[in-house]
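> Sequence below, structure please.
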Amino acid sequence: DDEDEDSPYFEVRAAVSNKDDPSLPSLTFRVWVLGIVLNCLIAFVNQFFWFRANPITIGTLVVQIAVFPFAKAMEWVLPRTQFNTFGWKW
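The predicted model follows:
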């Protein structure tokens, strides 16, 4: 059945696993910090440059590519310990 879920493209099959680990958390401190900060920053930049004669906007793909080094830096800097806040582990 794993073959059924494989991508038809060789490049994707070589780079991406078709297995998912549901025990990994998706809402982490890094996600919230980068998401909120970049959302506010990009909203400000897009609104600021919208009033030009030729408006400039920063798209989501550009933001995702630009945030990757920051996410890797936070992965390297932040501790790996878990914190417990009102019963919610993060």
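> So, low pLDDT: which residues of the chain?
Counting by pLDDT under 70, the ranges of the chain that qualify are 1-4.
> Tell me where this protein has helices.
10-15, 29-50, 60-77 (DSSP state H).
> so can I have a markdown table of those showing mean neighbour count and distance to residue 89?
In this view, the C-beta of every residue, glycine as well, is placed from N, C-alpha and C. Converted to a markdown table, the helices of the chain look like this (neighbours: other C-beta atoms under 10 Å; distance: least, C-beta to C-beta, whole Å):
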| stretch | mean neighbour count | distance to residue 89 |
| --- | --- | --- |
| helix 10-15 | 10 | 31 |
| helix 29-50 | 12 | 11 |
| helix 60-77 | 11 | 18 |
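> First-to-last residue distance for stretch 45-55?
In stretch 45-55, first residue to last residue: 11 Å (C-alpha to C-alpha, to the nearest Å).
> Identify all contacting residues around it.
56, 57, 58 (C-beta atoms under 8 Å, 6 or more residues apart in numbering).
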